[in-house]
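*Asks:* fold the following, please.
(3 chains)
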Amino acid sequence: MIDLFTIVMTAAGLIFFAAGTLGLIRFPDTHSRLHALTKADNLGLGLIALGLAVQVPGPADLFKLILIWALAILAAGATAQLVARIAAPAGLGDDEKAQDGGSDGQERRRP
Amino acid sequence: MVLSASLLYGLCGAALIGLGLYGFVVHRRLIRRVLAFNVIGSGIFLLFGAAAYRDPVAGSDPVPQAMIITGIVVALSATALALALIVAHARLARSDALPEDDRSGDPDEGRP
Amino acid sequence: MIASIFDLTLCLVILAAAGAATLGRDAFMAVVFYIVYGILIAMAWLRLGAIDVALAEAAIGAGLTGVLLLAALARVARKAGKEPASAASVPATTIATALAALVITIGIAYAFLTLPEPQGLQGHVAENLAASGAENPVTAVLLNFRGWDTLLESIVLLAALLGIWTLAQDEAWGGRAGLRHVTRPGSVLAQFGRILPPIGLLVGVYLVWAGSKQPGGAFQGGTVLAAVWIVTIMAGLMQAPRVADRALRAALVIGPVIFLALAVAGIFAGAFLVLPPAHAGWLILAVEAVLTLSIAATLAMLVFGPPEPEEKR
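*Replies:* The predicted structure follows:
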């Protein structure tokens, strides 16, 4: 029963990951690509973490799993924000663009 | 013959070494050469690790693992120094390639 | 263990990522693919049962090397006006290189296939593990059985940093290390830089502490701590330290110095680098603690680069 739950949850998570990746490849511009990637992948990650959470042997491992999930979500959100700001078209959050690039402005090289 | 995991990863390591060597020779930009050099390095590590894993019944061998970790750190040190040299070279020569490569190169090829 | 479909897929994806990183035209994309490649290699290490190596590869091989490459790309783009050609324009050279690389690959693959039967050292390590002071065999090898390697490795790190610092321009010497960053106070990156450090510090220290029993250790933990420092500076919450700072210099050398002192003290217990089994446990932990500090400081300073002259942008 627990195994079935894990299988269903991770499979659903993988479907969301696949959808997000499809969006990354197929969508035309940076913002819609980010939209597909962040929404679908965060949901996919959450589902996989939930599916695995019922399998862990003890509370310490559960805590580590939750920590990994939280850090991944946090990092993904911050990175997506940075990428979006660099790619922002003129007039949309443009005033922050100059100050808020990545380290040494390397993100600005993104096509 | 059954394909064992160690054989598969060993062959993968060999292919990575070849791929890295090709990139190391073909590229003119020094940063790309450093990157290719790192691919060669990790290919060698993978080959080494796979060779140590051929007898998994005995448990994974910690000595090669420790040597690979040491190797990864030394590779990082060498990479950092090489990249700093490249930046200094770019500052003085206004170029990201060695002089002998820079003359014959077509500046428009390989641009993003 | 027989290779599964997962192993086969992983190897193919690794080769594809390595191909994109070495053969791709755009340098920025090549670096991004290299980071992906590093993460995939870390998964290969997991499949080979080498969890310590997987941690080191993900943190150092993929993460830090990727950051170094990205920073170097940005700096070179600022300084070198034009980009040279990315590939040799002479087809004959390209073909000859490809052929040579293929021959070498086949030669190495053949050598791998004809290797003699493995005679691993795991038996010897397991026999002596009780006397080493660590329960994780990899940590036992790193800090006791092959302590030489680790001692010299920590000095190699320091030597690389010295090499980088010698590349500083004269007028910049003594100033703040290269990485400078300005962020709007309330921005996402600044917030991220506030949330991450407490968690990162905990994870870094935990990795060192756990290293004596489970996978982890000074290098993995030190890398996490260095990453925390780098993120804090990138988020504009702190400034990079001055290279002439005494506290910084002390942090850089304390690990190798204590390790070396312990190694010399080992002469009284028998020979250079010998740890008396009765005290090996806490000695290893103490060495790991100071090494972690030095490794974290050195790795972060490697990423920051040499001091640069004050703004002339």
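*Asks:* do stretch B:29-39 and chain C meet at all?
*Replies:* Yes. Residues of stretch B:29-39 contacting chain C under CB under 8 Å from any CB of the partner chain: B:29, B:31-32, B:34-36, B:38-39. Every residue, glycine included, has its C-beta placed from N, CA and C.
*Asks:* and that stretch, average pLDDT?
*Replies:* For stretch B:29-39, mean pLDDT is 93.
*Asks:* who touches it?
*Replies:* For stretch B:29-39, the surrounding residues in contact (CB atoms under 8 Å, 6 or more residues apart in numbering or on different chains) are B:16, B:19-24, B:27, B:75, B:79, B:82-83, B:86, B:89, B:96-98, B:110, C:18, C:21-22, C:27, C:30-31, C:34, C:37, C:61, C:65, C:69, C:72-73, C:76, C:83-84, C:86.
*Asks:* and these, which of them are in helices?
*Replies:* The helices, defined by DSSP state H, take in B:16, B:19-24, B:75, B:79, B:82-83, B:86, B:89, C:18, C:21-22, C:27, C:30-31, C:34, C:37, C:65, C:69, C:72-73, C:76 from those.
*Asks:* also within reach of chain A: list those from those.
*Replies:* Filtering the ones in helices among the contacts of stretch B:29-39 for neighbours of chain A using CB under 8 Å from any CB leaves residue C:73.
*Asks:* circling back to that earlier point, now the buried members of the residues of stretch B:29-39 next to chain C.
*Replies:* B:29, B:31-32, B:34-36, B:38-39 (16 or more other CB atoms under 10 Å in any protein chain shown).
*Asks:* let's have those residues in JSON lines, adding distance to residue B:51 and secondary structure.
*Replies:* Output for those, formatted as JSON lines (distance: CB to CB, whole Å; DSSP: H, G, I helix; E, B strand; the rest coil):
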{"residue": "B:29", "distance to residue B:51": "33", "secondary structure": "coil"}
{"residue": "B:31", "distance to residue B:51": "31", "secondary structure": "helix"}
{"residue": "B:32", "distance to residue B:51": "29", "secondary structure": "helix"}
{"residue": "B:34", "distance to residue B:51": "26", "secondary structure": "helix"}
{"residue": "B:35", "distance to residue B:51": "25", "secondary structure": "helix"}
{"residue": "B:36", "distance to residue B:51": "23", "secondary structure": "helix"}
{"residue": "B:38", "distance to residue B:51": "20", "secondary structure": "helix"}
{"residue": "B:39", "distance to residue B:51": "19", "secondary structure": "helix"}
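*Asks:* for those residues, which one is nearest chain A?
*Replies:* residue B:31 (12.3 Å; CB to the nearest CB).
*Asks:* any weak-confidence spans in the stretch 151-300 of chain C?
*Replies:* Flagging of the stretch 151-300 of chain C using pLDDT under 70 yields the residue ranges C:179-185.
*Asks:* do the top helix by length along chain A and chain C meet?
*Replies:* In chain A, with assignment by DSSP H, the single longest helix is helix A:59-87. Yes. Helix A:59-87 reaches chain C (CB under 8 Å from any CB) through A:67, A:71, A:74-75, A:77-78, A:81-82.
*Asks:* highest neighbour count among the residues you listed?
*Replies:* Neighbour tally across these (other CB atoms under 10 Å in any protein chain shown): the maximum, 21 neighbours, falls on residue A:78.
*Asks:* go ahead and confirm that residue touches residue C:188.
*Replies:* Yes. In this structure, residue A:78 is within contact of residue C:188 by CB atoms under 8 Å, at 5.4 Å.
*Asks:* hmm, back to that, I'd like the average pLDDT over the longest helix of chain A.
*Replies:* The average pLDDT within helix A:59-87 is 85.
*Asks:* how about it and chain B, any contact?
*Replies:* No. Helix A:59-87 stays clear of chain B (CB under 8 Å from any CB), getting no nearer than 14.9 Å.
*Asks:* and the residue at minimal distance from the centre of chain C, what does it touch?
*Replies:* Chain C has residue C:60 as the residue nearest its centroid, 3.1 Å off, counting by CA atoms, centre = their mean. By CB under 8 Å, 6+ apart, the contact set of residue C:60 is B:72-73, B:76, C:219, C:223, C:299.
*Asks:* coming back round to it: can you give me the buried ones in the longest helix of chain A?
*Replies:* Applying 16+ other CB under 10 Å to helix A:59-87 flags A:65, A:69, A:73, A:78-87 as buried.
*Asks:* which among the contacts of stretch B:29-39 count as buried?
*Replies:* Counted by 16+ other CB under 10 Å, these give B:16, B:19-24, B:27, B:75, B:79, B:82-83, B:86, B:89, B:96-97, B:110, C:18, C:21-22, C:27, C:30-31, C:34, C:37, C:61, C:65, C:69, C:72-73, C:76, C:83-84, C:86 as buried.
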